[in-house]
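Chemist: Take this sequence and fold it.
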Amino acid sequence: MTKVVHVLFSSKLGGAEQVAINISENLKTAYDFTYFSPAGSIQACLTDAEIDYRTFNPKRIFEFVRTMKAIDPEIIHAHDFKASFLVNLLFHHIPIVTHIHQAPRWQTGRNWKSIAFKYVGRKSAQVLYVSDYAKESYRYQHQLSNVTIVPNGIDMARIVKMASPKPAQTFDLLFVGRLAEVKDPEKFVEIAQQLLVTNPELTIGIIGDGVLKERISHLIQATPQIKLLGFQSNPYQYMAAAKVVLSTSKSDGFGLTMVEASLLGAIPIAPPVGGISQTAVKVNGFIYMQEDALIEFLTRLFSDAEFYCENKLRLANADLHYYDKSRFIDQIQRVYQEVLSDDRSR
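Modeler: Take a look at the predicted model:
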């Protein structure tokens with residue numbers, strides 16, 4: 001069976017990590033998958049999914065190389081910029097799929113990172129982007145000829161099933177994502193606290209883990225209406241019970257939570273950045289241009305039942321087939337087949 005190794009630098013579950021898990025679960029009859037990342041809470045998710053898991057320490061490169069050579073994969077599938085840089089520098093005889101889930105600001109300008117990524121992109125067998133924006137915002141994308149856009153897909157039936165048990169505690173407003181600077185959970189807390197001034201009865205939840213967890217915990221210490229739930233293996237039950245899922249990301253290549261929120265009936269709202277704004281529009285969510293306008297919109301949404309119902313009804317007309325799991329898995333399988341075919345013909 002063809003061996004494929006996923007490589008990621010994050011040790012916690014996020015959008016890219018869930019994509020790697022979905023690929024492994026849905027193509028396990030055709031490919032033998034191994035998942036590499038630094039040690040962390042992601043291990044529990046991989047164990048539950050019965051995916052072979054290996055840890056690596058970026059400071060112990062030789063050990064990583066030895067383990068990779070022992071596995072001897074036919075394809076390496078790298079899911080973030082750091083992983084893509086690393087494997088393209090270390091492995092010269094294994095086809096590499098570089099899968100870009102982010103759209104960082106540095107890729108829009110001329111700097112050492114954007115210039116170095118030209119080498120990574122050209123060396124990779126295929127470069128996958130999760131959205132038009134993630135591709136088009138890269139300054140040198142026109143110099144890469146091996147690029148494919150593969151929008152993320154979700155297992156809708158599975159998500160709806162997981163969302164069915166109502167949680168003991170429900171929330172009007174929800175944040176779902178990594179507690180990291182790029183997701184800007186501090187901005188979410190700031191917005192939540194402003195909303196509570198005029199509507200102190202609101203219940204607000206934050207789902208996620210990351211380097212800013214202690215910081216967020218400190219910021220909400222004096223605000224009992226805001227609860228930090230930390231990492232949740234099943235965030236969907238909270239999303240299905242929420243009125244709004246709000247993103248405050250500074251940069252986002254796709255915005256998977258916007259699709260999940262729309263599917264589960266929570267109004268998705270995104271900032272005007274990156275691929276997440278494109279995704280929010282496609283699933284009949286909303287984009288906020290100014291924070292003042294967002295506060296005004298949310299205040300009315302939570303206080304005017306008719307206004308809330310009118311906006312929630314928009315979700316019923318959203319065409320989510322574009323994000324169907326089967327379409328996504330078929331595209332990934334075609335990419336793997338093309339990569340293997342090109343490698344064998346050399």
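Chemist: from here on, contacts and neighbour counts on C-alpha atoms
Modeler: Noted.
Chemist: Tell me the helix or strand right after the helix or strand hosting Val259.
Modeler: Using DSSP states H and E, Val259 sits in helix 256-264. Using DSSP H and E, the helix or strand that follows helix 256-264 in sequence is strand 267-270.
Chemist: Show me what the very next helix or strand once past that following strand is packed up against.
Modeler: Of the helices and strands lying after strand 267-270 in sequence (DSSP H and E), the nearest is helix 274-282. Other helices and strands packing on helix 274-282, by 3 or more CA pairs under 8 Å, 6 or more residues apart in numbering; DSSP states H and E, are helix 132-136, helix 256-264, strand 267-270, strand 286-287.
Chemist: Can you say which of the ones you listed is packed in most?
Modeler: Comparing the helices and strands packed on helix 274-282 by mean neighbour count (mean count of other CA atoms under 10 Å), strand 267-270 comes out on top with a mean of 27.
Chemist: Parallel or antiparallel, list what pairs with it.
Modeler: strand 244-246 (parallel), strand 286-287 (parallel) (DSSP bridges).
Chemist: ok, back up a step: indicate which one of the helices and strands packed on helix 274-282 is closest to Val211.
Modeler: Among the helices and strands packed on helix 274-282, helix 256-264 comes nearest to Val211, with 19.9 Å by CA to CA.
Chemist: got the CA coordinates for that closest one in CSV?
Modeler: Extracted as CSV, the C-alpha positions of helix 256-264 are listed here (Å, rounded to 0.1, in the frame of the first residue of the first chain):
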residue,chain,number,x,y,z
LEU,A,256,-13.6,26.2,8.2
THR,A,257,-15.6,27.3,11.2
MET,A,258,-17.7,29.5,9.0
VAL,A,259,-18.9,26.5,7.0
GLU,A,260,-19.5,24.4,10.1
ALA,A,261,-21.4,27.2,11.8
SER,A,262,-23.7,27.7,8.8
LEU,A,263,-24.3,23.9,8.6
LEU,A,264,-25.3,23.9,12.2
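Chemist: What are the contacting residues of it?
Modeler: Contacts to helix 256-264, defined as CA atoms under 8 Å, 6 or more residues apart in numbering, come from residues 15, 152, 154, 156, 159-160, 163, 176, 236, 239-240, 245, 267-270, 276, 279-280, 283-285, 315, 318, 320, 323.
Chemist: Buried ones from these, can you make that a ChimeraX selection?
Modeler: Entered in ChimeraX, the line below selects the buried ones among the contacts of helix 256-264, by 16 or more other CA atoms under 10 Å:
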select :15,152,154,156,159,160,163,176,236,239,240,245,267,268,269,270,276,279,280,283,284,285,315,318,320,323
